[in-house]
Every structure is written in structure tokens, then in C-alpha cells.
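Q: 3D model of this:
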Amino acid sequence: MGENTQNELYLFKHVQNLGQPSVFPPSIQGKIQAAVQFIIPELKLGKHDKNFIAELASKCGIDVYAVDTTPIENKRTKQPATLVTLAFYVTAANSEDNNRLIMLTSRLLVERFLGLLSFFVGAKLSFVHLQVITVTEERHYKKILPSASRSSMPILKVELPPKLDTDAVPDDIFSALFWLRRGLAERDPIDTFSALMVCLEIMARHIVREKPERCPTCGSQSITAIMREFIVSQLGANPTLFKRLWKARNAAIAHGGKPITAEVLLELTELKFDTAVLAFQSIKLGFGMPPDSPPLPNQGFFVTDAFMYLD
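A: The predicted structure is shown next:
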């Protein structure tokens, strides 16, 4: 193999291997056995909490067999953390779709579990080092690891332009930059996508001068029409991409009663890259810069551990 640079190496660095699962479902006809492991940083649970944690897992609307929580410690910071293992079943499909089904179900289970637990803790809980386990036909564990660790980022290479050709930055652009910065910083695909969409909506209202039709009920301009005009006509995006973005946006904010499903989570993860590029283009348009000119999202943003798996 040829010599790799540091920036190439980080793309293939696995996350921490969490070992064999502490709980795993027994074999049942027509069901796929699986487990998902992850670490919740800075969470310390007591022994008396285990029954309640098991109850939360059982409420997630997925066929959960068992849950185990193990107290651990960050070796570097000495901060407490909790290793969680959720063992569950997935109804078997055809063999080509089983791995994708396991991954989608595991991510949805984690999101629902953390949503419930965050509510009762009263703080946002996140996960790191998520990995999925199933079994092979030979009854061996098969671990599906993320292909890259978000904690292993490349060194930022700064290439700033000589000057910014604008006299003053309008308040709207500062507001959009506020949300763009949060979108670039978030690890969670829902938070990332949502923040970037807020950035786009602010810039759409700032730039689209000829407002589209008004809502016949409330009389306000339709944000859907404004965003379609901005993203398709002003930024030159494909109309099909806009439909995907807007459908995912409506699901993320529960507009129209659309639930966040496993498929929606996958769509949000895939769309965050397109949304980031559009958000950068929108800011450049506000600055009077060509949308296809630098800057672009740094390459570190395109490293994701959400649904990039390998055996």
C-alpha cells in the first residue's frame, strides 16, 4: 500500500471497539437478533435506576429483548459515562435488506431511548461510539462499525480571501450565520439538518424580494413557496432536491403530523451535506459573492458516523 497522508488516515479510523455485547437476544424463528452499543458521556446512573431504564427501553415501540447499562469512565478526563447495550429483534426481510433494516432500526431505537431518557434527566443526552451487532449463519457475532470517528478530525487548513466586499453585514445575515455555525458544530443529524434549514429560511426571507402567494387562511406569505423560489430559482438546486429537503424538514419539525421514522433519519443524514452546501451558497448570495465560489464546508464536516458502516 502507498503511504497515506494524515488527512487521508483519519477517514478510515474506527471508533472505540466496545467489545462483545453484555446482553443479546436468543434465537427466534423469523426474527433477526441484534444489539446496539453506545456510550452516553457524563451520565452516571445508580443501581436503583436499572429497572426504570429497562422500562424506558420497553416503551420505544421496537421489539426490545433486554437493556444493560454499565458505568465507565473517560480515561483522559476521568469524567463518568454510561455504556448502554440495547438488545432487540428485527423481523427478517430478504437477505439483501437485512443489514440496512438492522441499522435503521437500531438508530431509531437509540433516538427514541435517548429522547425518553433526556426528558427524565432534564438535559440533552448524546451518544458516541455507536456500533451494531448481529450474528452470522455460523452463530458468530458480527459487529458493524462506523467507518470514521467524528472525534478524529483533520487539521483545519485556513485559506481566507484578501477582503470581504461588503460595507456592513445585515442583521439577517448575522442571524443566518448563528444557525450555520450551529449546524456545522452539531453531531446529531437532526440537529445539524434543522439548524442549516433555519439558516436557509432566514436567508430566503432576506433575499426573495418578490414574495410568492399568501396563505388564504392567515394571509401571510407561504414559507414553502418562498423557500422553493429561493432554493430552486435563486440557488439553482434541482426541484427534486427541494422536495426531499422540504419533506425532511416537515418531518423534523412535526409539520403535517409526519413522524420521524428510521427512513427519515437516514434521509436527514444524507441530506445534511446538500443542505450545508446550499446554506453556504445562501450566505455568499447575501454577501454578493458567486454561489459557486469559495468558501465551502470544510472537509471535516463531511465525516459522519451516522449511517456509514462497514463489516
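Q: what bits of the stretch 151-300 of the chain have low per-residue confidence?
A: Low-confidence segments of the stretch 151-300 of the chain (pLDDT under 70): 151-160, 211-221, 254-258, 299-300.
Q: most centrally placed residue in the protein?
A: The centroid of the chain falls nearest to residue 189 when counting by C-alpha atoms, centre = their mean (1.6 Å).
Q: Can you report how many residues lie near the closest residue to that residue other than its chain neighbours?
A: Using C-beta to C-beta, 6 or more residues apart in numbering and skipping residues adjacent in sequence, the residue nearest residue 189 is residue 269, 4.3 Å away. To be clear about C-beta, it is placed using only N, CA and C from the backbone, and glycine gets the same treatment. By the criterion of other C-beta atoms under 10 Å, residue 269 has 21 neighbours.
Q: Could you do residue 244 as well?
A: A total of 15 residues lie near residue 244 under the criterion other C-beta under 10 Å.
Q: Contacts only, for it.
A: 267, 271 (C-beta atoms under 8 Å, 6 or more residues apart in numbering).
Q: to the chain's geometric centre, what's the distance from the strand or helix carrying residue 38?
A: In the assignment (DSSP states H and E), residue 38 maps to strand 31-41. Centroid separation for strand 31-41 versus its chain: 17 Å, with C-alpha atoms, centre = their mean, to the nearest Å.
Q: repeat for stretch 133-142
A: 27 Å.
Q: which residues does residue 292 contact?
A: Going by C-beta under 8 Å, 6+ apart, residue 292 touches residue 281.
Q: Next one: it from residue 101, what distance?
A: Taking C-beta to C-beta, to the nearest Å as the measure, residue 292 falls 39 Å from residue 101.
Q: Repeat that for residue 33.
A: With C-beta to C-beta as the criterion, residue 33 and residue 101 are 13 Å apart.
Q: ok, now residue 261?
A: Counting by C-beta to C-beta - residue 261 and residue 101 are separated by 13 Å.
Q: For these two, work out which one has more neighbours and name it.
A: residue 101 (17 against 12).
Q: And the helix or strand hosting the more buried one, what does it pack against?
A: Residue 101 is part of helix 95-121, with elements assigned from DSSP H and E. Contact partners of helix 95-121 among helices and strands, from 3 or more C-beta pairs under 8 Å, 6 or more residues apart in numbering; DSSP states H and E: strand 31-41, helix 50-58, strand 80-91, strand 128-135, strand 141-146, helix 262-287.
Q: for the last one, packing partners?
A: Counting contacts by 3+ C-beta pairs under 8 Å, 6+ apart, helix 262-287 is packed against helix 95-121, helix 171-185, helix 189-207, helix 239-252.
Q: so of those helices, which one's packed in deepest?
A: Comparing the helices and strands packed on helix 262-287 by mean neighbour count (mean count of other C-beta atoms under 10 Å), helix 189-207 ranks first with a mean of 22.
Q: CA atoms of stretch 86-100 as PDB?
A: Extracted in PDB, the C-alpha atoms of stretch 86-100 (Å, rounded to 0.1, in the frame of the first residue of the first chain):
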ATOM      1  CA  LEU A  86     -29.900  -2.500  23.800                       C
ATOM      2  CA  ALA A  87     -30.700  -6.000  22.600                       C
ATOM      3  CA  PHE A  88     -33.600  -6.300  20.200                       C
ATOM      4  CA  TYR A  89     -35.300  -8.200  17.400                       C
ATOM      5  CA  VAL A  90     -36.000  -7.200  13.800                       C
ATOM      6  CA  THR A  91     -38.500  -9.100  11.600                       C
ATOM      7  CA  ALA A  92     -36.500 -10.800   8.800                       C
ATOM      8  CA  ALA A  93     -36.800  -9.500   5.300                       C
ATOM      9  CA  ASN A  94     -34.900 -10.700   2.300                       C
ATOM     10  CA  SER A  95     -31.100 -11.200   3.000                       C
ATOM     11  CA  GLU A  96     -30.100  -8.200   0.900                       C
ATOM     12  CA  ASP A  97     -32.200  -5.800   3.000                       C
ATOM     13  CA  ASN A  98     -31.500  -7.300   6.500                       C
ATOM     14  CA  ASN A  99     -28.300  -5.300   7.300                       C
ATOM     15  CA  ARG A 100     -29.900  -2.000   6.300                       C
END
